[in-house]
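S.K.: Kindly return the folded structure for what I paste below:
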Amino acid sequence: MDNNWHNKVLLLHKKEIESSAMFLAGFLLILLLWQYLTGHHFVWKNISIISEPSIFNLLFYKALAFVTVGAFLYYVVKLWKILKIICIDLFGSPKLYYEVKRIVWPIVLLITLYITPKLFDLLNDILSFLYNILGLPYIFFLPSEYL
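M.R.: As a prediction, this is how the structure comes out:
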């Protein structure tokens, strides 16, 4: 089987692809000029559908991290047993075992305290982008009193 089948198809339909792209670019330019000349201007709207959690919710997320990620590390990955084998059995250092545990838990909490609000911001940005892009065609066809 030829791995470059897509190149052959693109070369076969090159003129059709180019003419379609040129028509689309020209049509979009005409729509843009028409909107500008009629006085309709696109304004980017930033929406925040999902709110960032409060401090009480963050405390809930800490407990949730303990129950979810912590339980996953303890029961599924068996991280503490692996660390015990490496630190105590291999190196003979219980102090190293407790130091590594002291490093792992702040990382788990960092996930909930830092990444969770960032995740909400990312979701809001994605929703704002989709809201604005999906609403963009309606601007071309709505009367000016609705804008």
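S.K.: Could you identify the helix or strand that succeeds the one helix or strand Trp34 maps to?
M.R.: Assigned by DSSP states H and E, Trp34 falls within helix 14-38. Toward the C-terminal end, the helix or strand that comes next after helix 14-38 (DSSP H and E) is helix 55-65.
S.K.: what distance separates the helix or strand following that following helix from the middle of the whole chain?
M.R.: Where DSSP H and E defines the elements, the next helix or strand beyond helix 55-65 is helix 71. Here the centre of helix 71 is set off from its chain's centre by 25 Å, with CA atoms, centre = their mean, to the nearest Å.
S.K.: Domain ranges for the chain, per the record?
M.R.: For the chain, automatic domain parsing gives the domain ranges 5-38, 55-146.
S.K.: Dump the ones you listed into JSON lines; add mean neighbour count as well.
M.R.: C-beta coordinates here come from the backbone N, C-alpha and C atoms, glycine included. Shown next, in JSON lines, are the domains of the chain (neighbours: other CB atoms under 10 Å):
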{"stretch": "domain 5-38", "mean neighbour count": "10"}
{"stretch": "domain 55-146", "mean neighbour count": "13"}
